[in-house]
Structures are given as structure tokens and as C-alpha cells.
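**Student:** quick one, fold the following:
(one chain, ligands or ions: 1)
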Amino acid sequence: MADNTALRLTLFLSVFAIMAIAEYCFPARLAKIQRSIRWRTNFLMMISGALLAKIVVPIGLVGIAFWVNEQQLGLMNITNATTIFSVITCLLLLDILIYWQHRLFHTMPILWRLHKVHHADSHVDTTSGLRFHPVEILLSLLVKAFAIITLGVPVIAVIIFEVLLNAFAIFNHANIRLPKAVDTFLSYIIITQRLHRIHHSQRVNETNSNYGFSVSWWDRIFGSFLSEANQPDENLTLGLKAYPATENNSRLLTLLKIPFKKIK
Ligand SMILES: [Zn+2]
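**Tutor:** From the prediction side, this is the model:
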């Protein structure tokens, strides 16, 4: 288990470093808030979420998967599915689940209170992919745990899924703009930075599109895919109107309190 944590941390740091260097050298947009302020807060948000998750589910998702497979629980174990079939099926099903979970976080007002902490970031870069309210992280963890138990997800599939989800979140929040032809080609398969920035636009119809974190297929299948925003990428207004780019709106405590604020 310890090796697994080290491997995941190494992969996370590698993807993060690559994307951070790319956006430092070729930024798609300029931030209105100092990098150090946003980065500190976004990292602290990630640490808060990880701590809460560790306290509530100390064994983690991989631990749950070990237990489920030891006990031979869940659909894949009951039906004696082959490992390769289980891994592929579970990866696809988990990804569809995360797509719908994200969509629900946008459409259910009580969940949007949590998720808007992520969208309140006035600038979108690699660290935005780490910025989720700890309660959202916890809810997502419980949803995934439920899926792992009912499906009987193999341990290796859980590890692959967690690594990919993390890597994709860092990748598609990066403040870079791929060459048009590359972006168009890739958008048939994955959610590119440009597509994900449409999801971070202040326009409601644009925010409520491109929910996918990894592949763009679910948005295409479930009718939420938006290939172009109203404005060109460089002029998109990102974030939320209620949270303009101020230092105060970039403080950890402000973010943690957002879900509990009275809506005027
Ligand atoms: Zn969202």
C-alpha cells in the first residue's frame, strides 16, 4: 500500500510539474490575482480535502477495493467476470458516474453551493484542478466507495482510475492553449483545456456544459457537449460574477465558508 501511495504521488507531481511549466512558458490567459496567493489557497484546499477524506475513510478507496475483492462482493465478483473485462467495464462506469456526479453538482442547488467553490476561481490553471471544497471531496469519495462495493471494482482499476482522474483534472485546467488543429483532433477523444475553460465561463449555458473530466464522449452522448463558447477563448470571462478577482476572495477561509453563506 505504501508503494502505491509513493507511485501515485510521483505521478501526480510529474503531471503537475509538466503542466505548470507549460502554462508558465505559454500562458493562454493572464491572471488578475498574484500566483502565490491563488496557489497557496488552492493547495491548502487540496490538503484540507485530503485530510478530511483520511479521517472519514482512513483505508481509502484502494483499501475498500482490497476488502471488496477479498470478500468477493459486487457485480464483477458475483458474475465471475474476467479481470480484463472488469477493469475496462469498471473504468468506463466509474467515469460515467463522475460525469453524472459533476452534472448533479451543477443542477442541485445544495450541491452547487459546494461545487461553486471550484468555479469561484477567477483564473483557471493547474491548481484550479486541486481546488474543491473538502465536503465535495468527501461526498465524491463516498459515491466512489459505493460504486466500488456494488460493482466489485478490481484494486488495479481503482488505482488506474484515481491516477487518471487526478492527471486529467490537472491537464484540463492548465492555462495553455493547444494549436487549433491539435485541439480539434483531441476534442473528439478528451476534454481539452479550451473545452474545459468553456465549463468555467460565467455564462450559465456554458458552465452547464462539458462536464467530463477525461473523455469528451459522455458530454457528446448525454447532450452537454459545447464545442464553441459565445466568445473566443481569449475573451471568455471565467469564474463567478459574485466572486470577483480580489485577494479576499482568494483566501482559504473565504472559500471554506462559501457553501454556508446566505444567498441574497
Ligand atoms: Zn463544474
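**Student:** wait, what's in contact with the closest residue to Val124 other than its chain neighbours?
**Tutor:** Leaving aside its chain neighbours, Val124 sits nearest to His200 (5.0 Å; criterion: Cβ to Cβ, 6 or more residues apart in numbering). In this view, the C-beta of every residue, glycine as well, is placed from N, C-alpha and C. With contact set as Cβ atoms under 8 Å, 6 or more residues apart in numbering, His200 has these partners: 119, 121, 124, 128, 207, 236, 238-239.
**Student:** please name the nearest non-neighbouring residue to Val153.
**Tutor:** Val153's closest residue in space is Cys90 (Cβ to Cβ, 6+ apart), at 4.4 Å.
**Student:** neighbours of that neighbour, how many?
**Tutor:** 26 (other Cβ atoms under 10 Å).
**Student:** now swap in Ile263 and tell me
**Tutor:** For Ile263, using other Cβ under 10 Å, the count is 6.
**Student:** ok but it is inside a strand, no?
**Tutor:** No. Assessed with DSSP: H, G, I helix; E, B strand; the rest coil, Ile263 is coil; it does not lie in a strand.
**Student:** measure it to Met108 for me?
**Tutor:** 14 Å (Cβ to Cβ, to the nearest Å).
**Student:** just His118 next, same as before
**Tutor:** With Cβ to Cβ as the criterion, His118 and Met108 are 15 Å apart.
**Student:** if you count what's nearby, which of these two comes out ahead?
**Tutor:** Between His118 and Met108, His118 has the larger neighbour count (other Cβ under 10 Å), namely 24 against 12.
**Student:** and the nearest residue to the more buried one once chain neighbours are set aside, what helix or strand is that in?
**Tutor:** What sits nearest to His118 in space, not counting adjacent residues and going by Cβ to Cβ, 6+ apart, is Phe132, at 5.3 Å. Counting by DSSP states H and E, no helix or strand carries Phe132.
**Student:** tell me, how many residues neighbour Phe132?
**Tutor:** Phe132 has 24 nearby residues by other Cβ under 10 Å.
**Student:** touching, the residue nearest to Val153 and Pro154? I think so.
**Tutor:** Yes. Cys90 is in contact with Pro154 according to Cβ atoms under 8 Å; the separation is 6.7 Å.
**Student:** now do the host helix or strand of the residue nearest to Val153: distance to the chain's middle.
**Tutor:** According to DSSP H and E, Cys90 maps onto helix 83-107. Mean C-alpha position of helix 83-107 versus that of the full chain (Cα atoms, centre = their mean, to the nearest Å) differs by 13 Å.
**Student:** which strands or helices does the next helix-or-strand element following it pack on?
**Tutor:** The helix or strand immediately downstream of helix 83-107 is helix 109-119, counting by DSSP H and E. Applying 3 or more Cβ pairs under 8 Å, 6 or more residues apart in numbering; DSSP states H and E, we find helix 109-119 packed against helix 83-107, helix 134-151.
**Student:** the closest residue in space to Val87 that isn't next to it in sequence: neighbouring residues, count only.
**Tutor:** Residue nearest to Val87 in three dimensions, not counting chain neighbours: Ala157, with 4.5 Å by Cβ to Cβ, 6+ apart. Neighbours of Ala157 under the rule other Cβ under 10 Å: 22.
**Student:** got the CA positions of the helix or strand hosting Ala157 in PDB?
**Tutor:** According to DSSP H and E, Ala157 maps onto helix 155-173. This file holds the C-alpha atoms of helix 155-173, laid out as PDB (Å, rounded to 0.1, in the frame of the first residue of the first chain):
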ATOM      1  CA  VAL A 155      -7.900  -2.900  -7.000                       C
ATOM      2  CA  ILE A 156      -5.900  -2.200 -10.100                       C
ATOM      3  CA  ALA A 157      -8.900  -0.400 -11.700                       C
ATOM      4  CA  VAL A 158      -9.300   1.800  -8.700                       C
ATOM      5  CA  ILE A 159      -5.600   2.800  -8.800                       C
ATOM      6  CA  ILE A 160      -5.700   3.500 -12.500                       C
ATOM      7  CA  PHE A 161      -9.000   5.500 -12.200                       C
ATOM      8  CA  GLU A 162      -7.700   7.600  -9.300                       C
ATOM      9  CA  VAL A 163      -4.400   8.400 -11.100                       C
ATOM     10  CA  LEU A 164      -6.200   9.200 -14.400                       C
ATOM     11  CA  LEU A 165      -8.900  11.400 -12.800                       C
ATOM     12  CA  ASN A 166      -6.200  13.400 -11.000                       C
ATOM     13  CA  ALA A 167      -4.000  13.700 -14.000                       C
ATOM     14  CA  PHE A 168      -6.800  14.700 -16.300                       C
ATOM     15  CA  ALA A 169      -8.000  17.300 -13.800                       C
ATOM     16  CA  ILE A 170      -4.500  18.900 -13.700                       C
ATOM     17  CA  PHE A 171      -4.200  18.600 -17.500                       C
ATOM     18  CA  ASN A 172      -7.500  20.200 -18.500                       C
ATOM     19  CA  HIS A 173      -7.300  23.000 -16.000                       C
END
